[in-house]
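Visitor: the amino acid sequence is not available; the structure is as follows:
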């Protein structure tokens, strides 16, 4: 399945869920609506698209824009040797998106990291708690609104 | 045999001489500076020439802690505990820019210099420092140990 066919095929299957598509630096990008993420991902995971590998899952904070957070998913199909990027926009107030742990096991820790760093909640995640920062840490350090160089020491420190 | 059959010295001087040439070090290695530490400690640069070659991976048996690399806030209590477990007399070397000042990591995660957690005797800057700088730091520490008032009643260091 070649590039154009793939996008056309996916868009045909999920006309309501997919907002738009584009290509950046030879990589294809699908912009998906928040409500439709789980359905689109399940479709891409199965044949004929066969995106068996979730390479990465991360988040971007666009502080001043209307949809503040943007989730980015990188998929890879071993059988077809193709890559695909999926983007979902989330509002700044109460950012929630569906968890993909049932489709890809490694999404578990990746989503925990995004939760820890950006405060994005994942619906249906089996164990949503911090993964990198320590217990008692307030806020989400990779948010642009987190104060620059604000420290939260665990023990009293000298100046 | 000519020469001398006896020599005189002060107890403090003898104690300092003994201490400075028998530094058992504990490597608290967290980051890339560890490569330079290994290079320094191994045969090519040979830390053992200065009597500091004996690496103890137990804080109880060491009297010099080399903090090599970035210490994050998550790790700071661990460093404090390791330091507290060491026997007196003890010395600390901050090895590399991160341990000295936080280095390039001016952010939420990194402690801005380990002297905020434990008292430091010698700072070795550099990102990472060359082994020669580390050896120089060890020599500076030996000088310091020789000159300092030798505490042999094991008073608590503050």
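Guide: Cool, got the structure. Treat the numbers as computed from the prediction; the structure is a model and nothing was measured.
Visitor: quick one: residue A:159 and residue B:116 touch, right?
Guide: Yes: look at residue A:159 against residue B:116 with C-beta atoms under 8 Å: they come within range, at 7.3 Å. C-beta coordinates here come from the backbone N, C-alpha and C atoms, glycine included.
Visitor: assign a three-state SS to the residue nearest to residue A:56 when sequence neighbours are not counted, would you?
Guide: With sequence-adjacent residues excluded and distances taken as C-beta to C-beta, 6 or more residues apart in numbering or on different chains, residue A:56 is closest to residue A:74, at 4.4 Å. Under DSSP: H, G, I helix; E, B strand; the rest coil, the three-state class of residue A:74 is strand.
Visitor: now swap in residue A:7 and tell me
Guide: From three-state DSSP, the assignment for residue A:7 is helix.
Visitor: surely it meets residue A:28?
Guide: Yes: using C-beta under 8 Å, residue A:7 is in contact with residue A:28, at 6.2 Å.
Visitor: now the common contact residues for the two.
Guide: Residues within reach of residue A:7 and of residue A:28 at once, by C-beta atoms under 8 Å, 6 or more residues apart in numbering or on different chains, are residue A:21.
Visitor: ok, back up a step: now do the residue nearest to residue A:56 against chain B, distance only.
Guide: 25 Å (C-beta to the nearest C-beta, to the nearest Å).
Visitor: helix, strand, or coil at residue B:66?
Guide: strand.
Visitor: buried set for the helix or strand bottoming out on mean pLDDT in chain B?
Guide: Least confident helix or strand, chain B: helix B:11-20 with a mean of 89, by mean pLDDT, DSSP states H and E. Neighbour-count burial for helix B:11-20 flags B:15, B:16, B:19, B:20 (criterion: 16 or more other C-beta atoms under 10 Å in any protein chain shown).
Visitor: show me what contacts the third one?
Guide: Translated: residue B:19. B:63, B:89, B:145, B:150.
Visitor: could you save those residues as a markdown table and add columns showing distance to residue A:44, pLDDT and secondary structure?
Guide: Converted to a markdown table, the contacts of residue B:19 look like this (distance: C-beta to C-beta, whole Å; pLDDT from 0 to 100; DSSP: H, G, I helix; E, B strand; the rest coil):
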| residue | distance to residue A:44 | pLDDT | secondary structure |
| --- | --- | --- | --- |
| B:63 | 60 | 90 | coil |
| B:89 | 64 | 86 | coil |
| B:145 | 65 | 92 | helix |
| B:150 | 71 | 80 | coil |
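Visitor: just to revisit the earlier point, which of residue A:159 and residue B:116 has more neighbours?
Guide: residue B:116 (18 against 4; other C-beta atoms under 10 Å in any protein chain shown).
Visitor: check whether the spatially closest residue to the more buried one that is not a sequence neighbour sits in a helix, strand or coil.
Guide: Of all residues not flanking residue B:116 in the chain, residue A:157 sits nearest, at 4.2 Å (C-beta to C-beta, 6+ apart). Three-state call for residue A:157 (three-state DSSP): coil.
Visitor: I'd assumed residue B:114 was in contact with residue A:157.
Guide: No: with contact defined as C-beta under 8 Å, residue A:157 does not count as touching residue B:114 (10.0 Å).
Visitor: the two: which is more packed in?
Guide: The residue with more neighbours, out of residue A:157 and residue B:114, is residue B:114; 29 against 16, by other C-beta under 10 Å.
Visitor: so that one makes contact with residue B:123?
Guide: No: using C-beta under 8 Å, residue B:114 makes no contact with residue B:123, being 9.6 Å away.
Visitor: give me the pLDDT for the closest residue to residue B:109 other than its chain neighbours.
Guide: Setting aside the residues directly before and after it, residue B:109 is nearest to residue B:72 in space (C-beta to C-beta, 6+ apart), at 4.9 Å. Per-residue confidence (pLDDT) for residue B:72: 94.
Visitor: so what's residue B:72 up against?
Guide: Applying C-beta under 8 Å, 6+ apart, the residues near residue B:72 are B:109, B:110, B:111.
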